[in-house]
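J.: Kindly return the folded structure for what I paste below:
(one chain, ligands or ions: 3)
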Amino acid sequence: MQAWKEYQSDNKDRFLDELLDLLRIPSVSADSKYKEDVARCAEAVKEHMLKAGCDSAEVCPTAGHPIVFGQKIVDPSLPTILVYGHYDVQPADPLNLWTSGPFEPVIKDGKIYARGACDDKGQMFMHIKALEVMAKTNSLPCNVKIMIEGEEEVGSNNLGIFLEANKERLKADVVLVSDTSMISMEHPSIESGLRGLSYMEVEVTGPNRDLHSGVYGGAVANPATILCKMIASMHDENNHITIPGFYDKVQELTDAERAAINSAPFDLTEYKEELGVKEIWGEKGYTTLERTGIRPTLEVNGIWSGYIGEGAKTVLPSKANAKISMRLVPNQGSDEITELFTKHFNSIAPDYVTVKVSAHHGGEAVVTPTDSPAYKAAAKAIQTTFGKDPIPTRGGGSIPIVALFEKTLGLKTVLLGFGLDNDNIHSPNEKYDVFNYYKGIETIPYFHKYFAESFGQ
Ligand code: BES
Ligand code: MN
Ligand code: MN
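T.: Ligands and ions are numbered 1, 2, ... in the order given. Now for the predicted structure:
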């Protein structure tokens, strides 16, 4: 489409400047100190929707951070795409590991560095710009509803409620999301699944107060040691998770399905080198791509106890704590796994400590179809702009609301992501290639075109 190309190239610099402005807003959803900034970001997203050509756009308050909803209805008889993304970001710390300010975006070697550059401001904004391209060239081939939330990084609880309450308003034919990654620009791919999540927090208490480690050490259990032992015991010598019942509902894939996953391009030497590890680690009997795509895992996200300030303090701490999350695969219910974990953690606690287990957010795994008209439209769009057929892959991350799009709205999702695994999402120095940003804006209109055509439009 010549008109799209021209509009995009005429407005290229502005498209980038607008994204940089959005990245300057520290919309960290997890930290209440940023509440005002999150609200300001929602307003900015709404203004961009209107400017892009939406008939209407609204900041919808929730019990937490607001949801921004806009739409452009060309003709009610045309198919409708519901675009989803999130404008909230993960906390930026540890700040000292950033080479430039997380909310002072800079472009270096063709990459935008900022918190949210890839996850997900850069990617969701491609949709607003793609909508602008189609709307301003009078070539939008279908209706578009666009819903950008502010709580994805904290579990999307209020969006779940919003879906229930707005079923009519959210009626559509498919959900389109750009919040995942590709193998590389040379090997474009489409994720056809997301893992679920159970996120737990544990507290192990020993003595009723911090003690002198010389006076009491050796005679009273140290909760830090006990917590480490308990955590270590949750993987066996084959790196299987030892929680009873944990794997009961896990669907084993067929040899053919596993072969398909393993046929994706992957270079183990490069992988290790890029991460700075001598050897990889993981569940025996599975490849790296399987370990991150189709197998459940258990990770310690944070662990703390005792004295961690400057110098040395001889202390036997009273408490030790950890945040532990489990990635889940289809059929493993998040609530059920939360319960199994709780029961198990309590059962392995020795008598010389007491434990407290609580649950944070969770979400269910999904597999998105690769034979649907929507997937085919996405594959054809990639073929058009990359000149290559995309490889279907299984992603390791989670987007909890995707399972609810299906359950609550009866809608399948297409994960048309343009990030790269080494974009440092959730890490210091998050980046997004300017090339990928423009490529996304170029590709998305073709999805709309081919999806509409699949309805005979
Ligand atoms: N965009 C990510 C999820 C993702 C990343 C999927 C890369 C596939 C590839 C999303 O913002 C995210 O980080 N989700 C959280 C879950 C949430 C409940 C905090 C996650 O996966 O940890
Ligand atoms: Mn995201
Ligand atoms: Mn994220």
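
J.: Just the closest residue of the chain to ligand 1, please.
T.: As assessed by CB to the nearest ligand atom, ligand 1 sits closest to G397 within the chain, at 2.5 Å. Backbone N, C-alpha and C define where each C-beta goes, glycine included.

J.: ends of stretch 394-406, how far apart?
T.: End-to-end distance of stretch 394-406 (CA to CA, to the nearest Å): 18 Å.

J.: Could you list the residues in contact with it?
T.: 82, 84, 149, 152, 155-156, 159-160, 163, 175, 177, 179-181, 191-197, 261, 289, 292-294, 327, 361-366, 368, 411-413, 415, 417 (CB atoms under 8 Å, 6 or more residues apart in numbering).

J.: What residues does the chain have near ligand 2?
T.: Residues of the chain found near ligand 2 (CB under 5 Å from the ion) are 119-120, 179.

J.: One more pass at 6 Å, please.
T.: Proximity of the chain to ligand 2 is confined to 86, 119-120, 152, 179 under the rule CB under 6 Å from the ion.

J.: Any stretches of the chain with poor pLDDT?
T.: 457 (pLDDT under 70).

J.: quick one: contacts for the nearest residue to K376 once chain neighbours are set aside?
T.: Distances taken as CB to CB, 6 or more residues apart in numbering place S454 nearest to K376, at 7.0 Å, with adjacent residues excluded. Residues near S454 by CB under 8 Å, 6+ apart: 373-374, 376-377.

J.: again with D433
T.: 110-112, 185, 420.

J.: Show me which residues of the stretch 351-457 of the chain sit near ligand 1.
T.: Counting by CB under 6 Å from any ligand atom, the residues of the stretch 351-457 of the chain close to ligand 1 are 361, 363, 395, 397-400.

J.: rewinding a little: for the contacts of D433, which two are the farthest from each other?
T.: I112 and M185 (15.3 Å; CB to CB).

J.: hang on, F266 packs against R291?
T.: No - between F266 and R291 there is no contact under CB atoms under 8 Å: 11.6 Å.

J.: what about the helices in the stretch 351-457 of the chain?
T.: Assigned by DSSP state H, counting those that start in this stretch, the stretch 351-457 of the chain shows helices spanning 373-386, 401-409, 434-453.

J.: Which residues belonging to the second one are considered buried?
T.: Neighbour-count burial for helix 401-409, with 16 or more other CB atoms under 10 Å as criterion, is recorded at 401-405, 408-409.

J.: Okay, buried residues for stretch 152-161 please.
T.: 152-160.

J.: Please identify which pair of those residues lies farthest apart.
T.: Across those (CB to CB), the longest gap, 14.9 Å, separates E153 and G160.

J.: Would you map out the domains in this structure?
T.: Here the domain parsing of the chain from automatic domain parsing is 2-194+366-454, 196-250+296-363.

J.: Of all the residues in the stretch 351-457 of the chain, which one is nearest ligand 2?
T.: I399 (6.5 Å; CB to the ion).

J.: Which ones among the contacts of D433 lie within helices?
T.: Secondary structure from DSSP state H places none of the contacts of D433 in helices.

J.: Counting neighbours, which of those end up buried?
T.: In the contacts of D433, the ones that pass as buried (16+ other CB under 10 Å) are 111-112, 420.

J.: Pick the most deeply packed of the helices of the stretch 351-457 of the chain.
T.: helix 434-453 (a mean of 22; mean count of other CB atoms under 10 Å).

J.: do you know how far G70 is from A378?
T.: Relative to A378, G70 is positioned 22 Å away (CB to CB, to the nearest Å).

J.: can you list contacts of stretch 35-42?
T.: Here stretch 35-42 makes contact (CB under 8 Å, 6+ apart) with 22, 25-29, 59, 65-68, 87-88, 150.

J.: which of those are close to ligand 1?
T.: Filtering the contacts of stretch 35-42 for proximity to ligand 1 (criterion: CB under 6 Å from any ligand atom) leaves nothing.

J.: I'd like to know which of those residues is nearest to D10.
T.: For these, the nearest to D10 is L22 (20.7 Å; CB to CB).

J.: before we move on, back to that, between the contacts of D433, which is closest to F15?
T.: Nearest member of these to F15, counting by CB to CB, is I112, at 11.8 Å.

J.: residues contacting that closest one?
T.: Going by CB under 8 Å, 6+ apart, the list of residues near I112 reads 16, 19-20, 23, 105-106, 122, 431-434, 437.

J.: Run through the bridge partners of it.
T.: Per DSSP bridges, residues listed as beta-bridge partners of I112: I107, Y432.

J.: Roughly how far does it sit from R209?
T.: Counting by CB to CB - I112 and R209 are separated by 49 Å.

J.: and the stretch 1-150 of the chain, which residues reach ligand 1?
T.: Counting by CB under 6 Å from any ligand atom, the stretch 1-150 of the chain sits next to ligand 1 at 119-120.

J.: Which residue ranges of the stretch 1-150 of the chain form helices?
T.: Secondary structure of the stretch 1-150 of the chain (DSSP H, counting those that start in this stretch): helices at 2-10, 12-23, 35-52, 121-136.
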